[in-house]
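**Student:** Sequence and computational prediction follow.
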Amino acid sequence: MTEKTQLFQFAGERPAEKTEAEKKKKWYQDRPVAAELFLGLLVLGCLFCRQIMTKDPSYMDLKNCSVMPCREFLFGTDTMGRDIFSMIWYGGRISLAIGLLSTLISTVIAVLFGAVSGCAPAWLDALLMRLTEIFLSVPNLLLVIFLLAAAGKSNVITISAVIGMTSWTSITKVVRTEVRQIRNSEYVIASRCMGGSFFYILWHHLAPNFFSSIMFMVVMNIRSAIVAESTLSFMGIGLPLEVISWGSMLSLSEKALMTKAWWIILIPGVFLIVTLLSFTSIGNYLRKQANRKQRNL
């Protein structure tokens, strides 16, 4: 052991080389590799579902209703004779599309609303925040049901828009806080003096500073949107029965329990739960990374 190493250990410090190795090891251990791998395979399967589907997911084979998993039907059939294996991939595409589209809508609303509130005068900022708190005080599911009833017939676009318009408040408060901290920075003031518009400043100067802070919330919103769609379909007010999604598959649970067809509930439920847990793991990882960056500033 060298004198330099002994001096570091005596002072309670460690050599830089060992610290870097520990950081790399910790980064690898914290990363949710299993969740990322599962979501990657799931997305690929949903994108290329036509190549891996064994049967038409909407075809009702009345001769093979509630068949257990076998060679012909890998995941069995539901009470209407539809192949569950094909429905999983086709329905996953619909569920993920609703999650991504609704999250895109909510993120755009949150960024615009939060940035305007953060740059606004004190009286307008207080008014916008009171409006945000009113939305937060109303139960999200109740608001979604009310807007769906007002919209009329449910489809993928309608449900995505409704979920997106009701899940922007939490991100808005974070964006507003971040914008208020950096709105008086020198580069923002210089861009404003040079004639930069609000959207130019938002895109080039404000968004790069708060994007890492809201990234984990964006990922969690995808998870929440999938849960909301599944809940609505389970309650019978979501997508029509002919539109296959994981939620609409779980809406047949009552008939499945009556016929003791456990695979009709278990298989879609496992895919849904593992997907939600994967999004949760990735969201927690992004949150830890954002907190680590803030501590290092």
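**Tutor:** Right, received. Where do you want to start?
**Student:** what's the neighbour count on residue 166?
**Tutor:** Neighbourhood size, residue 166 [other CB atoms under 10 Å]: 23. From N, CA and C alone the C-beta is placed, and that goes for glycine too.
**Student:** Spit out the contact partners of it.
**Tutor:** Counting by CB atoms under 8 Å, 6 or more residues apart in numbering, residue 166 touches 106, 135, 140, 143-144, 147.
**Student:** Quick check: chain neighbours aside, which residue is closest to residue 183?
**Tutor:** residue 119 (5.6 Å; CB to CB, 6 or more residues apart in numbering).
**Student:** Next, count neighbours for the one you found.
**Tutor:** For residue 119, the neighbour count with other CB under 10 Å is 19.
**Student:** Can you check what pLDDT the model gives it?
**Tutor:** Listed pLDDT for residue 119 reads 87.
**Student:** Residue 243 and residue 107, how far apart?
**Tutor:** Separation of residue 243 from residue 107 (CB to CB, to the nearest Å) stands at 25 Å.
**Student:** Who has more neighbours out of those two?
**Tutor:** residue 107 (20 against 17).
**Student:** a strand runs through the more buried one, doesn't it?
**Tutor:** No: checked against DSSP: H, G, I helix; E, B strand; the rest coil, residue 107 lies outside a strand; its state is helix.
**Student:** residues touching it, list them.
**Tutor:** Going by CB under 8 Å, 6+ apart, residue 107 touches 168, 171, 214, 218, 221.
**Student:** One more pass at 7 Å, please.
**Tutor:** 171, 218 (CB atoms under 7 Å, 6 or more residues apart in numbering).
**Student:** Now do the SS call for residue 70.
**Tutor:** Following three-state DSSP, residue 70 is assigned to coil.
**Student:** OK, contacts around it?
**Tutor:** If you count contacts by CB under 7 Å, 6+ apart, residue 70 has none.
**Student:** Next one: it from residue 91, what distance?
**Tutor:** The gap separating residue 70 from residue 91 is 21 Å, by CB to CB.
**Student:** ok, and for stretch 48-56, which residues are buried?
**Tutor:** Within stretch 48-56, the residues scored as buried using 16 or more other CB atoms under 10 Å are 49, 53, 55.
**Student:** And for stretch 156-169?
**Tutor:** Buried residues in stretch 156-169, counted by 16+ other CB under 10 Å: 156, 159-169.
**Student:** Chain neighbours aside, what residue packs nearest to the residue nearest the centre of the chain?
**Tutor:** In the chain, the residue lying closest to the centroid (CA atoms, centre = their mean) is residue 222, at 1.7 Å. Among residues not flanking residue 222 along the chain, residue 99 sits closest, at 4.3 Å (CB to CB, 6+ apart).
**Student:** tell me which element that neighbour is part of?
**Tutor:** For residue 99, the element it lies in under DSSP states H and E is helix 84-119.
**Student:** what does residue 58 give?
**Tutor:** Residue-wise, residue 58 maps onto no helix or strand under DSSP H and E.
**Student:** Let me see the backbone angles for residue 194.
**Tutor:** The phi/psi pair for residue 194 (degrees, to the nearest 10) reads phi -80, psi 10.
**Student:** Now the closest residue to residue 259 other than its chain neighbours: phi and psi?
**Tutor:** Nearest residue to residue 259, sequence neighbours excluded (CB to CB, 6+ apart): residue 66, at 5.3 Å. With angles defined as degrees, to the nearest 10, residue 66 sits at phi 60, psi 50.
**Student:** what's the spacing between residue 66 and residue 255?
**Tutor:** Remark: distance between residue 66 and residue 255 (CB to CB) = 9 Å.
**Student:** So for those two, which sits in the more crowded spot?
**Tutor:** Counted by other CB under 10 Å, residue 66 and residue 255 do not tie: residue 66 has more neighbours, with 17 against 14.
**Student:** quick one: contacts for the more buried one?
**Tutor:** So residue 66 contacts 77, 79, 259, 261 (CB under 7 Å, 6+ apart).
**Student:** Mind giving me the PyMOL select for the residues you listed, buried ones only?
**Tutor:** Buried subset of the contacts of residue 66, written as a PyMOL selection, criterion 16+ other CB under 10 Å:
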select buried, resi 77+79+261
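**Student:** okay, the contacts of residue 66 in CSV with pLDDT, secondary structure and distance to residue 151 next?
**Tutor:** Shown next, in CSV, are the contacts of residue 66 (pLDDT from 0 to 100; DSSP: H, G, I helix; E, B strand; the rest coil; distance: CB to CB, whole Å):
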residue, pLDDT, secondary structure, distance to residue 151
77, 89, strand, 33
79, 83, coil, 29
259, 74, coil, 34
261, 83, coil, 33
